[in-house]
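Chemist: just to be clear, the model below is a prediction. Sequence and coordinates:
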Amino acid sequence: MTNKKQSKHILDRKKKLSRRRALVLLAVNGLFIAHFVQWKMYGKTVSPAELNEAMFTIEQGVITVGAILLVSILISVFFFGRFFCSWGCHIMALQDLSSWVLQKCHIKPISIRSRVLPLVAVVAFVYMFIWPTLLRMYNGVEWGGFKILTDKEGLGSFTTEQFTRNLPGIWMTSVTFIVVGFFAVWFLGSRGFCRFVCPYGALFAGIDRVSPAGIQLTGDCDGCGQCTAACTSNIQVHYEIQTHGRVVTPTCMKDLDCVMSCPKDAIKFGYGKLPLKRSFDNVVKPSRRWPWSWWEEVVAGLTAIVVFFITRSLYGEVPFLLALTFGVIYAWAFIKTIQLYTKKNVKFNRSQLKLNQSYLFTSMVWVTCFSVITTILMHSAWIRWHEHHGQTAYRLSHTDENYSNKALYHLKIVIDEGIWRPPYADMMVVDSYFRLSKYELALPHIIHLLDRWPNNHELQQKHQFASESLRGYGNSNQTIE
């Protein structure tokens, strides 16, 4: 076979595999859509197959569909490697679509390399699945054992009427998809979310380290590097194949692009020796020099954690994984900004920010954008501080109404000074004023909420009660059932 024919043959089989994987991922998303439509039509459906619902199983013993799915995936990872990530994950489909769109816009995502940032996903896993158990044990609370619940008992195990019970609202879901899909791919690489953010990915990587399944050397490898060029997980495939006889890095998603790219068909998916200790060699004995120094790595890790705590549940909306993504992206941008002042040459993708110690127009644009984002982040930290104290005081006011004034102080700052006015703050303000029998002061907040939810029966009752109180007809000793 001539070189030209061989290249065409490799390209054709890569395209065929890519189409096959794209169809599988489209089918996965099609199932999600069908699940949602079925719930809309009948009002009841199978409980959502969300992996985060495994937390209910660990913390409360409630058997959920998400927990069953997670266990099934863990078993599959041991026997087949991380196939689920590249062939069954809707977030992977989103990342691949974003990569395709960016490439069509002539923007090639460049995967970053870091020793510390991957630990963010590990910390997230511990925080989600291990920390609650440790906290329960510390507080002396006994675990109630496994149980199956219906919707009437608070959490439907297998069927539910609350399909979106653990999902953010539509606009926050859209923001999550844009950040996790587009920006995470642009700034962190095509698999950036999987490598640095996803707590399930951290768990799967741990299982993959003891799995016999993987990309194995089965022929004569001449180290041409075409497999490495095809790998979208930023793995030095040719180096690991020649050094270990297989790919040992646990971030390998088994999408098989490297297999299809080998001109000698020297690598295949198969079974061999367990990676174990060798799976850590890409960290302790890297084939390439790490781009960041240790102090930059530590600063990036700490920055990611700080930004996570600032943005998580900000305005009562930002979900866990989105906050983690914000943290990792900002940490990367922070290190890039520091390098503008510490290195001779700095580049972002194809854009040169600094050349031979000379600042360019692009560096001014970068610093300006980073300064604006940092200012917004600092404002968000201030708001989040008031949110935390306001919510804490509100919870305490259930047993001691003296905390109501403190809750009002913090929550009104959130409402008046925040970039966005969160409905939960108005709801808490209304409840606090009612506890203090200051019904007329609650009225503007009730009206604001009714503009958002005009058919809310509870708000309508409170509006009528507060209005009568303002006109002098209400009795201060009255209560609303």
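Modeler: Happy to help now that I have it.

Chemist: and for the lowest-mean-pLDDT helix or strand in the chain, what's in contact with it?
Modeler: Scoring the helices and strands of the chain by mean pLDDT, DSSP states H and E places helix 281-284 at the bottom, with a mean of 79. Residues from elsewhere that reach helix 281-284 (C-beta atoms under 8 Å, 6 or more residues apart in numbering): 115, 235, 236, 240, 243, 244, 248, 249. All C-beta spots, glycine's among them, are computed from the backbone N, C-alpha and C.

Chemist: sitting in helices, which of these do you find?
Modeler: Those of the contacts of helix 281-284 mapping onto helices are 240, 243, 244, per DSSP state H.

Chemist: show me which of the residues you listed are buried.
Modeler: The neighbour-count test (16 or more other C-beta atoms under 10 Å) marks 240, 244 as buried among the ones in helices among the contacts of helix 281-284.

Chemist: contacting residues for the residue nearest the centre of the chain?
Modeler: Note on the chain: the residue nearest the mean C-alpha position is residue 321, at 2.6 Å, using C-alpha atoms, centre = their mean. Counting by C-beta under 8 Å, 6+ apart, residue 321 touches 124, 176, 180, 197, 198, 199.

Chemist: what does residue 411 give?
Modeler: Shown in contact with residue 411 (C-beta under 8 Å, 6+ apart): 386, 387, 390, 394, 425, 428, 429, 432.

Chemist: from what I can see the fifth one touches residue 413, true?
Modeler: No: the pair formed by residue 425 and residue 413 falls short of the contact definition of C-beta atoms under 8 Å, at 9.4 Å.

Chemist: the more surrounded of those two?
Modeler: For residue 425 versus residue 413, neighbours defined as other C-beta atoms under 10 Å are more numerous around residue 425 (26 against 18).

Chemist: what does the pLDDT read for the more buried one?
Modeler: In this prediction, residue 425 carries a pLDDT score of 95.

Chemist: again, but for the one 4 residues further on
Modeler: Note on residue 429: pLDDT of 95.

Chemist: which strand or helix spans it?
Modeler: Residue 429 is part of helix 423-435 when elements are defined by DSSP states H and E.

Chemist: right, and the helix or strand after the longest helix seen in the chain?
Modeler: The single longest helix within the chain, with elements called by DSSP H, is helix 3-42. Per DSSP H and E, the first helix or strand lying C-terminal to helix 3-42 is strand 45-46.

Chemist: elements contacting that following strand?
Modeler: Helices and strands touching strand 45-46, by 3 or more C-beta pairs under 8 Å, 6 or more residues apart in numbering; DSSP states H and E, are helix 3-42, strand 159-160.

Chemist: so the residue nearest to residue 397 when sequence neighbours are not counted versus residue 466, what's the distance?
Modeler: Distance criterion C-beta to C-beta, 6 or more residues apart in numbering; nearest residue to residue 397, sequence neighbours excluded, is residue 403 at 4.0 Å. Relative to residue 466, residue 403 is positioned 21 Å away (C-beta to C-beta, to the nearest Å).

Chemist: so the two - more neighbours on which side?
Modeler: Set residue 403 next to residue 466 and count neighbours by other C-beta under 10 Å: residue 466 wins out with 25 against 18.

Chemist: and the angle for the helix or strand the more buried one falls within with helix 423-435?
Modeler: In the assignment (DSSP H and E), residue 466 maps to helix 457-471. Per axes from the mean of the first three to the mean of the last three C-alpha atoms, to 10 degrees, the angle that helix 457-471 makes with helix 423-435 is 50 degrees.

Chemist: helices and strands around helix 457-471, which ones?
Modeler: helix 439-452.

Chemist: dump the C-alpha coordinates for the helix it packs on into CSV.
Modeler: Only the C-alpha atoms of helix 439-452 are listed here, as CSV (Å, rounded to 0.1, in the frame of the first residue of the first chain):
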residue,chain,number,x,y,z
TYR,A,439,-46.3,42.9,57.2
GLU,A,440,-46.3,46.3,55.4
LEU,A,441,-42.5,46.1,54.9
ALA,A,442,-42.9,42.7,53.3
LEU,A,443,-45.4,44.0,50.7
PRO,A,444,-42.9,45.3,48.1
HIS,A,445,-41.1,42.0,48.2
ILE,A,446,-44.3,40.0,47.8
ILE,A,447,-45.3,42.1,44.8
HIS,A,448,-41.9,41.5,43.2
LEU,A,449,-42.3,37.8,43.7
LEU,A,450,-45.9,37.8,42.3
ASP,A,451,-44.6,39.5,39.2
ARG,A,452,-42.5,36.3,38.7
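
Chemist: and the contacts of that helix?
Modeler: Helix 439-452 is touched from outside by 421, 423, 426-427, 429-430, 433-434, 456, 459-460, 462-463, 465-467, 469-470, 474, with contacts defined as C-beta under 8 Å, 6+ apart.

Chemist: quick one: secondary structure of residue 140?
Modeler: coil (DSSP: H, G, I helix; E, B strand; the rest coil).

Chemist: neighbours of it, how many?
Modeler: Burial measure for residue 140: 6 neighbouring residues, criterion other C-beta under 10 Å.

Chemist: for residue 211, same thing?
Modeler: Neighbours of residue 211 using other C-beta under 10 Å come to 20.

Chemist: correct me if wrong: it contacts residue 77.
Modeler: Yes: if you go by C-beta under 8 Å, residue 211 and residue 77 touch, sitting 6.4 Å apart.

Chemist: any idea how far residue 180 lies from residue 141?
Modeler: The value you get for residue 180 to residue 141, if C-beta to C-beta is used, is 34 Å.

Chemist: who's more crowded, these two?
Modeler: Neighbour count, other C-beta under 10 Å: between residue 180 and residue 141, residue 180 has more, with 22 against 10.

Chemist: the helices in the stretch 101-250 of the chain, which residues?
Modeler: According to DSSP state H, counting those that start in this stretch, the stretch 101-250 of the chain carries its helices in the segments 118-125, 131-138, 170-177, 184-188, 192-196, 199-208, 226-230, 237-244.

Chemist: of these, give the one that comes closest to residue 274.
Modeler: Counting by C-beta to C-beta, residue 274 lies closest to helix 199-208 out of the helices of the stretch 101-250 of the chain; the figure is 10.1 Å.

Chemist: check which helices and strands the closest one sits against.
Modeler: When contacts are defined as 3+ C-beta pairs under 8 Å, 6+ apart, helix 199-208 packs onto helix 65-80, helix 83-87, helix 118-125.

Chemist: could you tell me the average pLDDT over that helix, please?
Modeler: Helix 199-208 carries an average pLDDT of 93.

Chemist: deepest in the core, which of the helices and strands packed on helix 199-208 is it.
Modeler: Mean neighbour count (mean count of other C-beta atoms under 10 Å) peaks for helix 83-87 among the helices and strands packed on helix 199-208, with a mean of 22.

Chemist: output the contacting helices and strands for it.
Modeler: By 3+ C-beta pairs under 8 Å, 6+ apart, helix 83-87 packs against helix 3-42, helix 65-80, helix 199-208.
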